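[1] One predicted model, sequence on top.
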Amino acid sequence: MNTPTQFKQRLASELSAMATHPAPAPAPAPAPATRAPARRLRLPFAIAAVATAAAAAVVVPTLTGSGSSPAYAVTREDDGSLTLLLNRPEGLPGLQKQLKKMGVRAAVLEGDKNCPTGAPPHAPWATAGYALTFPSDPAKAIVHPDMIPDDTVLSNGRRVAGATLLIVAEFGKDNATKAVSFRLVSKVPKCSVPGIGGGPSAHA
């Protein structure tokens, strides 16, 4: 038997053996490691509730302005009165907005000596009374909301509209508050002269 014939027979025998006894299948590759899900940090409910309550409670004082002192501030006192601080003219719009937000019928104007209508008339049913008082601190005033008359129905059935607290501020050449006065009015004017009564004529 020549060599090629022997080689063919041996090859045929090996192939036959491989077909009868197949090689074991390779072991499966290990599954890729599963990445554990990232843990989400959760703020405890009690802490979140306290933080929310604290944020809701801080409503005053409200400050604005770029100077060393706030242009205005409003603080609610324990007796329901409001302490106002007005240092500069740019605080007027914010002061009026804050008073409205706190449920006070008030209007705040800068006094204008050239106002053609002069001083607005008093509300006919309102007393001059203590709707606004002044501590010794020059730029401060205290609003007493319960002294501002509400809408009233008279004994004859006539309804009288409530008054509005008009606050008129006057500023010096350095833009510091020079004087604050007030009046209870039935209609808010577009302008007013300063020193309309119901307050000190000037602050030091």
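    Perfect, I can see it now.
[2] all contacts plus neighbour counts: C-alpha atoms, from now on.
    Fine.
[3] Do a quick rundown of the helices in the protein.
    Assigned by DSSP state H, the chain shows helices spanning 3-20, 45-57, 92-101.
[4] and those helices, which one's lowest on average pLDDT?
    Mean pLDDT is lowest for helix 45-57 among the helices of the chain, at a mean of 32.
[5] Can you tell me how far the closest residue to Asp112 other than its chain neighbours is from Gly103?
    Closest residue to Asp112 apart from its sequence neighbours, by CA to CA, 6 or more residues apart in numbering: Val193 at 4.8 Å. From Val193 across to Gly103, the span is 26 Å (CA to CA, to the nearest Å).
[6] With neighbour numbers in mind, choose between those two.
    Val193 (20 against 9; other CA atoms under 10 Å).
[7] contacting residues around that one?
    Gly111, Asp112, Lys113, Asn114, Cys115, Gly118, Ala119 (CA atoms under 8 Å, 6 or more residues apart in numbering).
[8] Name the member of those residues with the shortest distance to Val160.
    Ala119 (22.0 Å; CA to CA).
[9] Count the residues that sit near the closest one.
    19.
[10] And His144, by the same measure?
    17.
[11] if I look at it, how far off is Ala179?
    Where Ala179 is concerned, His144 sits at a distance of 19 Å (CA to CA).
[12] now do Thr152
    For Thr152, the distance to Ala179 - CA to CA - is 32 Å.
[13] Setting aside sequence-adjacent positions, which residue approaches Leu109 most closely?
    Nearest to Leu109 is Val168, by CA to CA, 6+ apart, at 4.9 Å.
[14] per-residue pLDDT, that neighbour?
    94.
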